[in-house]
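# Need a 3D model of the following:
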Amino acid sequence: MKASSTYHMLTPLLEGMEKAGAETELIHIRKLDLEVCIGCYTCWVRTPGECIHKDKDSMVDAMEHYNTADLVIFGTPLYHFSMSGIMKTFIDRTLPRIEPWLIPHPDIPDMTFHPERFHKPNKILLVSPCGFPEFDHFESLVATFRHMAHMERFEYLGEILRPGAEALSRRSLQGLFTGYYDILRQAGEQIIRDNRISEEIQADLKEDLFPGGKKAFYDMAGSYWEQQMDRFNVPDEQRHTVPILPDDLDSIPYAPGGTDLNLGVLRSDGRYLVPNEYMLNLMVGMFNPLAIPDLRATVQFVFSPPKDVDFDPGSANWYLNINDGVCTLHEGRTALPTLTITTPHEVWFDIGMGVLHATSAFDDGKYDANGSMTLLEQFSEIFEHPQPGEGGKTNPELDLIMMGMPSAFDAKAAGNMDATIQFVLGGPGGGMYHLRIKNGECSSHREPVLKPDLTINAPAEIWLAISKGEIDSQQAFMEAKYRTSGEMNIMLKMGELFKSTGLPPASVSQPLKPETLSPQEEKPMDMTQLNCHETIAGMPSVFNPEAAGDLVAVIQFNVTGDEPGSYFLQIENGVCTFHEGESSSPTMTIQTPSEIWLAVSRGEMEGQTAFMQQKYTVEGDFSLLLKLNDLFK
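As a prediction, the model looks like this:
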């Protein structure tokens, strides 16, 4: 019922109709608890117009609504190339609406007709989703309703069909389909206003929900059903009663985005041939500074080129330097490496793509390593490689979300943006993806890209939880549960580019501008003429005790730059007080140059942007930082 793809299509359609002035009602046939029609014709001869089951279910009430409606929308999933069984039962049970006499059809020459007791509804519309990705599967269903409308003298307004609709029933994925639901609302308005759906809206309704072609659709569906069978421990011999050729099971290999031609990317033995520098840059992107916080190490790489192929991967010698929670890549050799890895190009490519485990590959003699073997054993923690799950597959739910992001894309917010966003989602069920944004369009790809403008690194389970709204994205970012590198201005726009998902961090809410305040509210004090000391000292005057509730906290400010100083705010019992000096136990400490905090306070600089660009830093309770705009209006 409310979890179904059909329901998720009907709801926005009816909302659009209501917006255009219609009165609507949604009847779940399943709730009617219908008895099946037994063909006894009691409704024709013994009790004309009344069914033998009239006291056994709720069909009488449903028929009253049916017989008085101007438009009836039949919403049914496609079951075996036709309507669902309960929809067929409902239609069968409309038999009391007609009389038994055989007469010539009033509108169709040489066709027989039954007289009607009621002629309403005047119009009908069909709405139907199905699991297969092609529209052709709806042919017999559409033919049935077209013929029914033709014979029963209803005006047929057409159909809204949605192939590949299984994902519409998934609650966690609803954010991906708001664009599609908006089109359904527009269609509902047009039906009421114009008695038709425009060709433009019809074309939009037929667009694929998940770009990528049938191969991508098959992979997603296969991963989902394999996961479901794993839940119930279905034996392998019961999963495929018809043998599937090995080639059909090949997953799409990770590859740099774009065509081989325009990027000059070669392929050999199922692998894309990319420079050594590119492989190690991906590795830098997977670095997790929280895995071993105090780690100081240097990892030297010596690559041998791919065999039997004419390809130059660039310099053979590179090293990674890990220090103070930062991992950097350098060309050449280092004097005292903590660990030296000598490896064929293709072996490290497979490790980087999650096909091989670094420690297992070493044990199997696929490459050599000298130095700290402990460090090598910790690679899977230090570098969060994607680790495909059962059968070498990405988590199907995560895959649906990542491949479906273009359906939540807001072209207006993008403007003339030309950008590539790479996602490296590590851990079990993870994978690599990139989004390409150009000319107001967005496409999603299951592959890393050579030169992304922005890279987002996250454990797969964290990104999935953010996508489903189970974790606040902004707080997760500030708590370093995922990381970004590259053009931060793109990261700051993610909340606008993909409004309907929980994926990117939304901007910190801005203080209310004076003109937006109601007459009863006090306007914020004018901070434009205050120095940094005065600005912080004045914060208690704009403190909001309602937002604070029972909060007990100390906010320490350590100010550098032109106006250095140390101050703290004490919040307790709904009161905020200002103090000079340093608190002995701050809840949160803000380290900031005076000119930066002045610019943020005056609204000349966006607070989140400044933080993400590391113009000021924060230690302690990050959740308190997220509340500042509420605490100080």
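# close enough to count as contact, Thr328 and Leu320?
Yes. Counting by Cβ atoms under 8 Å, Leu320 is a contact partner of Thr328 at 7.1 Å. Using the backbone N, CA and C atoms, a C-beta is placed for each residue, glycine as well.
# Those two: which is more packed in?
For the pair Thr328 and Leu320, the greater number of neighbours falls to Leu320 (24 against 11), based on other Cβ atoms under 10 Å.
# show me where pLDDT drops low in the chain?
211-213, 215-216, 241-272, 353-355, 387-394, 499-529 (pLDDT under 70).
# pull the CA atoms of the lengthiest strand in it into CSV?
Looking across the chain with DSSP state E, the single longest strand is strand 419-428. Listed in CSV are the C-alpha atoms of strand 419-428, where the atom choice follows Å, rounded to 0.1, in the frame of the first residue of the first chain:
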residue,chain,number,x,y,z
ALA,A,419,32.9,20.1,-12.7
THR,A,420,33.8,16.5,-11.9
ILE,A,421,33.1,15.1,-8.4
GLN,A,422,34.8,11.8,-7.4
PHE,A,423,33.6,9.6,-4.6
VAL,A,424,35.9,7.0,-3.0
LEU,A,425,33.7,5.0,-0.7
GLY,A,426,35.8,2.6,1.3
GLY,A,427,35.2,-0.5,3.3
PRO,A,428,32.8,-3.5,2.7
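# Ala3: what's its closest spatial neighbour, skipping adjacent residues?
Closest residue in space to Ala3, ignoring its immediate chain neighbours: Ser169 at 5.7 Å, by Cβ to Cβ, 6 or more residues apart in numbering.
# Contact partners for the one you found?
3-5, 8 (Cβ atoms under 8 Å, 6 or more residues apart in numbering).
# Make a PyMOL selection of whichever of those turn out to be buried.
To isolate the buried ones among the contacts of Ser169 in PyMOL, judged by 16 or more other Cβ atoms under 10 Å, type:
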select buried, resi 4+5+8
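# Now secondary structure too, for the contacts of Ser169, in a markdown table please.
Below are the contacts of Ser169 laid out as a markdown table (DSSP: H, G, I helix; E, B strand; the rest coil):
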| residue | secondary structure |
| --- | --- |
| Ala3 | coil |
| Ser4 | coil |
| Ser5 | helix |
| His8 | helix |
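# can I get the contacts of Ser169 in TSV with distance to Trp225?
Listed next are those as TSV, based on distance: Cβ to Cβ, whole Å:
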residue	distance to Trp225
Ala3	18
Ser4	18
Ser5	16
His8	21
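# all strands in the stretch 101-250 of the chain, in order from the N-terminus.
For the stretch 101-250 of the chain, the strands defined by DSSP state E, counting those that start in this stretch occupy 103-104, 112-113, 123-129, 155-162.
# Okay, now the sheet partners of the first one, with direction.
By that I understand strand 103-104. strand 112-113 (antiparallel) (DSSP bridges).
# what about Asp377, neighbour count?
No Asp there; residue 377 is Glu. Neighbours of Glu377 using other Cβ under 10 Å come to 12.
# For the residue nearest to it when sequence neighbours are not counted, give me its contacts.
Closest residue to Glu377 apart from its sequence neighbours, by Cβ to Cβ, 6+ apart: Thr359 at 5.6 Å. The contact partners of Thr359, taken as Cβ under 8 Å, 6+ apart, are 376-377, 379-380.
# Surely Tyr586 and Gln556 touch.
I think there's a mix-up here, since residue 586 is Pro and not Tyr. Yes. In this structure, Pro586 is within contact of Gln556 by Cβ under 8 Å, at 3.7 Å.
# Quick check: neighbours shared by these two?
In contact with both Pro586 and Gln556: Phe568, using Cβ under 8 Å, 6+ apart.
# Could you say which helix or strand holds the residue nearest to Asp182 when sequence neighbours are not counted?
In space, Asp182 comes closest to Pro12 once its chain neighbours are excluded; the distance is 7.2 Å by Cβ to Cβ, 6+ apart. Element membership of Pro12, judged by DSSP states H and E, is helix 5-19.
# Distance from the chain centre to that helix, please.
Helix 5-19 has its average C-alpha position 21 Å from the chain's average C-alpha position, going by Cα atoms, centre = their mean, to the nearest Å.
# Point to the residue nearest the middle of this structure.
Ile401 (4.1 Å; Cα atoms, centre = their mean).
# The closest residue to it other than its chain neighbours: neighbour count?
Nearest non-adjacent residue to Ile401, counting by Cβ to Cβ, 6+ apart: Ser467, 4.7 Å away. For Ser467, the count of nearby residues is 25 (other Cβ under 10 Å).
# and what of Pro386?
Pro386 has 25 neighbours, counted by other Cβ under 10 Å.
# Same question for Phe132.
Neighbours of Phe132 using other Cβ under 10 Å come to 16.
# do the same with the one 3 residues further on
Using other Cβ under 10 Å, Phe135 has 14 other residues around it.
# where does the residue nearest to Glu377 sit relative to Ser304, distance-wise?
20 Å (Cβ to Cβ, to the nearest Å).
# Then Val36?
Using Cβ to Cβ, one gets 72 Å for the distance from Val36 to Ser304.
# which one of those two has more residues nearby?
Neighbours per residue (other Cβ under 10 Å) separate Val36 from Ser304, with Ser304 holding more: 15 against 12.
# Any idea what the more buried one is bridged to?
For Ser304, the beta-bridge partners under DSSP bridges are Pro344.
# Tell me if I'm right that it and Pro344 touch.
Yes. With contacts counted by Cβ under 8 Å, Ser304 reaches Pro344, the gap being 5.1 Å.
# distance between the lengthiest helix in the chain and the chain's centre?
In the chain, taking DSSP state H as the definition, the longest helix is helix 213-231. On the basis of Cα atoms, centre = their mean, helix 213-231 sits 17 Å off its chain's mean C-alpha point.
# Relative to Trp463, how far out is Ala167?
18 Å.
# Same question for Arg436.
Going from Arg436 to Trp463 by Cβ to Cβ gives 19 Å.
# more neighbours, the two?
Trp463 (28 against 18).
# Name whatever forms a beta bridge with the closest residue to that one other than its chain neighbours.
Spatial nearest neighbour of Trp463, excluding adjacent residues (Cβ to Cβ, 6+ apart): Leu425 at 5.3 Å. For Leu425, the beta-bridge partners under DSSP bridges are Gly431, Ala458.
# Check the burial of Leu425 by counting its neighbours.
The burial count for Leu425: 27, using other Cβ under 10 Å.
# okay but it is in contact with Pro386, surely?
Yes. Taking Cβ under 8 Å as the definition, Leu425 is a contact partner of Pro386 at 6.0 Å.
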